[in-house]
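1. Quick check, what structure comes out for this input:
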Amino acid sequence: MKIRTIVVAFPLMLAAASAASGQNPFPPYHVERTKILLTGEPAPGIDGATVSFLFTPQIDGAGNVLIDGYVTGPGITAANNRAVWHGSAGNLSLVVREGSPAPGVPGAFIAEGWTVYLSESGIVAISCFLSGPGVQDGVTDLGTFAGPPEALQRIVQAGDPAPSTEPGTVFASNIFFGVQVSDNGALLLNYDLAGPAIDSSNDRAMYIGYPDNPQLIWRRGMQAPGCEEGVLFGGADGVVFNDNDQVAFRCSLMGAGVTSANNSGYWAGSPESLELIARKGFQAPALPPGVNLFGTSFPGINYAGWVAFWGGLSGAGVDGTNNHALWVGSPAAPQLVARRGDPAPDAPDGTVMTVVTVSGNKPINNLEAIAFEATPAGPDVTSENDFAAYLRTSEGTRLVLRESQMLAQFGSGVALGQGSSKFALTDLGDVVTSTLLSGVGVNADNDNVAWIRRPSGWWVPLIRSGDILDGRVVLPGSAEEVLPIPNSTGGGDAVLQFANDHGAVAGRLVFGDGACGIYVVQGSHVLDVELDGDIDLSDYAEFPSCFGGPVGVITSDDCERFDIDLSGHIDLGDAQVLQEAFSGVTFP
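-> Numbers count the residues shown, from 1 in each chain. Purely as a prediction, here's the structure:
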């Protein structure tokens with residue numbers, strides 16, 4: 001079921017800036033919320049079963065959703081009660097079910113304990129345990145499968161020979177296994193190794209590429225590029241990769257001369273050209289001599305191979321006021337985005353950033369943009385306005401959210417509250433995040449909002465706790481997020497994809513009656529008929545048939561969006577605003 005909501009929406013901006021500019025209220029937005037699957041409903045493709053639990057979904061470029069969940073009903077046991085579906089509202093197909101035959105492995109069945117990914121191009125990849133008479137426990141009981149949802153193929157299985165390793169080395173049956181998939185369907189395989197030449201110093205490996213030709217890109221015990229001879233890779237994590245077979249990751253080090261002061265770093269590149277970005281205990285990029293990298297976190301990567309990473313600092317002039325930073329750029333020359341203690345952009349003189357953070361992987365999209373949270377401090381900063389979010393693009397860094405901003409979207413007296421350090425970016429330029437609200441009429445039942453910032457620069461509220469959908473009240477959900485938001489960049493970094501490159505957001509909503517549901521939500525300017533973030537000829541096409549003048553009636557829901565001034569008619573006033581929007585006068 002698709003629900004369209006028309007909201008009178010205004011630009012998110014500081015109240016002082018709004019008053020100074022004299023900016024008029026922004027015309028209405030429209031938000032479409034489409035239910036895909038709900039607990040208690042029949043489980044698609046499983047006779048007699050109902051859905052009992054749903055995990056956070058993923059979405060591809062066509063708007064199809066990948067859903068992982070549990071089922072209950074007659075004949076359902078712990079051996080067959082989990083399933084994965086793919087599709088759209090009313091058109092979900094079963095991709096895989098616990099206990100179903102494993103593709104391409106005679107006598108083997110899918111067992112629980114899987115990781116599953118969906119690419120922008122609609123490719124599904126899953127790594128899982130296997131069971132059955134065709135499987136040897138502890139030897140061949142792990143498998144990886146990928147392909148179109150309706151035609152998964154066997155990619156690799158524990159016991160297979162591991163390419164580019166010593167004779168007799170095979171993929172092991174162990175806990176270190178998995179698969180990730182990028183926009184174009186390239187795979188990243190993570191596996192433990194086993195064999196006569198394997199010990200704890202060389203027992204893990206990563207491969208990147210397509211199923212018919214995976215390339216070894218990292219292995220525990222390999223010489224670490226950019227380091228002294230004898231400095232070897234230890235354990236890698238925070239792995240991301242792009243559509244150009246380039247990878248970025250954090251890794252510990254071991255071997256000659258490695259101590260707790262220099263035992264980790266960041267690397268990025270392809271199998272043929274993996275390079276060191278930055279190493280703990282060594283000069284931090286783009287900072288004064290003697291300032292060294294100290295702590296590390298998970299990186300991000302985009303299509304061009306640009307990376308984003310956060311790091312702690314130590315060394316010359318470093319203290320508790322300036323001891324961490326965020327970088328974006330090529331692996332050879334990362335650029336400083338923000339450092340603790342730097343002046344806060346778009347803030348009064350004397351305001352600085354005291355904390356700079358992005359949770360999890362650092363999402364950088366193909367437009368070289370990254371969003372981050374920074375806690376301001378200064379003469380006008382209090383506990384009521386000490387959250388701020390910034391967007392760094394090729395044109396610079398600007399403030400995009402600030403606690404205490406007045407939000408006319410929700411009526412007079414409602415302000416932005418604390419926000420999240422988690423952001424989903426798309427390659428179109430959208431930013432998705434969540435915040436709390438404060439002010440008039442706000443309470444614990446309606447104080448959480450999920451937002452999308454469209455490429456035009458305007459924010460649209462997608463869903464708010466307390467909203468009514470299909471007769472159910474939306475709850476805040478876990479971690480005070482009405483719509484849980486994993487960090488991602490539209491699939492370009494092979495991180496689980498929550499928002500696609502057309503501005504569609506898939507999420508798991510929790511309701512007051514105990515149900516949970518998977519919804520796809522899209523929001524944009526009311527004139528953006530295509531919901532693609534701009535207003536062009538395609539959006540204009542329906543207007544002439546809806547135009548009725550000052551006495552005409554609105555003949556359809558599709559025409560209602562053109563009543564921009566809410567006069568009840570579609571007339572010359574609406575035509576003027578449409579013309580301004582189309583020509584770029586009102587909307588950047």
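2. Let me see the domain layout of this protein.
-> The chain breaks down by automatic domain parsing into domains covering 118-217, 535-588.
3. avg pLDDT for the longest one?
-> Predicted confidence along domain 118-217 averages 92 (mean pLDDT).
4. go on, stretch 271-285?
-> For stretch 271-285, the per-residue pLDDT values average out at 96.
5. Then stretch 445-457?
-> Stretch 445-457 shows a mean pLDDT of 87.
6. ok, back up a step: as JSON lines, the domains of the chain with distance to Leu92 would be great.
-> (Glycine included, C-beta is placed from N, CA and C.) Formatted as JSON lines, these follow (distance: least, CB to CB, whole Å):
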{"stretch": "domain 118-217", "distance to Leu92": "10"}
{"stretch": "domain 535-588", "distance to Leu92": "26"}
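7. what's the most buried one of those?
-> Ranked by mean neighbour count, the domains of the chain are led by domain 118-217 with a mean of 19 (mean count of other CB atoms under 10 Å).
8. I'd like the distance from that domain to the chain centre, please.
-> Remark: domain 118-217 is offset 24 Å from the chain centroid, using CA atoms, centre = their mean, to the nearest Å.
9. and if you look at stretch 443-455?
-> Distance, stretch centre to chain centre, for stretch 443-455: 17 Å (CA atoms, centre = their mean).
10. closest one to Gly87 among the domains of the chain?
-> domain 118-217 (7.9 Å; CB to CB).
11. Nearest to Ser524, out of the domains of the chain?
-> Nearest to Ser524 among the domains of the chain is domain 535-588 (9.0 Å), distances taken as CB to CB.
12. that older thread, and of the domains of the chain, who's closest to Ile67?
-> domain 118-217 (9.9 Å).
13. can you tell me the distance between the two ends of that closest one?
-> Taking CA to CA, to the nearest Å, domain 118-217 runs 22 Å from one end to the other.
14. What ranges does this structure have for its helices?
-> Counting by DSSP state H, the chain has helices at residues 15-21, 537-540, 543-546, 557-560, 572-583.
15. Quick check: which of the domains of the chain is nearest to Leu483?
-> Minimum separation from Leu483 across these (CB to CB) falls at domain 118-217, 17.8 Å.
16. Just give me the lowest mean pLDDT stretch among the helices of the chain.
-> Across the helices of the chain, helix 15-21 gives the lowest mean pLDDT, at a mean of 32.
17. contacting residues around the residue nearest to Pro225 when sequence neighbours are not counted?
-> Once flanking residues are discounted, Pro225 sits nearest to Leu274: 5.1 Å by CB to CB, 6 or more residues apart in numbering. Applying CB atoms under 8 Å, 6 or more residues apart in numbering, we find Leu274 in contact with Ile217, Trp218, Pro225, Val247, Trp267, Ala268.
18. Could you turn the buried ones of these into a ChimeraX selection?
-> In ChimeraX syntax, the buried subset of these is picked out as below (16 or more other CB atoms under 10 Å):
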select :217,218,247,267,268
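19. Out of the contacts of Leu274, list just those in strands.
-> Among the contacts of Leu274, DSSP state E puts Ile217, Trp218, Val247, Trp267, Ala268 in strands.
20. What is the burial count for Asn366?
-> Using other CB atoms under 10 Å, Asn366 has 22 other residues around it.
21. let me redo that: Val105
-> Residue neighbour count, defined by other CB under 10 Å, stands at 18 for Val105.
22. try Ile364
-> When neighbours are defined as other CB under 10 Å, Ile364 has 31 of them.
23. For it, give me the backbone phi and psi.
-> Main-chain dihedrals, Ile364, degrees, to the nearest 10: phi -120, psi 130.
24. who touches it in this structure?
-> Contacts of Ile364 by CB under 8 Å, 6+ apart are Gly300, Ile301, Asn302, Trp306, Val307, Ala308, Val328, Ile370, Leu425, Thr489, Asp493.
25. from the contacts of Leu274, which single one is nearest Val231?
-> Nearest to Val231 among those: Pro225, at 9.8 Å, using CB to CB.
26. What's the per-residue pLDDT of that closest one here?
-> Looking at Pro225, its pLDDT is 97.
27. same deal with the one 10 residues further on?
-> The score at Gly235 is 94. That number is its pLDDT.
28. isn't it right next to Ala205, touching?
-> No. Using CB atoms under 8 Å as the test, Gly235 is too far from Ala205 to be in contact (11.9 Å).
29. what's the overlap in contacts for those two?
-> Common neighbours of Gly235 and Ala205 are listed as Arg220 (criterion: CB under 8 Å, 6+ apart).
30. what distance separates the start and the end of stretch 415-424?
-> 23 Å.
31. just how off-centre is that stretch within its chain?
-> With CA atoms, centre = their mean as the basis, the distance from the averaged C-alpha position of stretch 415-424 to the chain average is 14 Å.
32. what about that stretch, average pLDDT?
-> For stretch 415-424, the mean confidence score works out to 88.
33. Lovely, talk soon.
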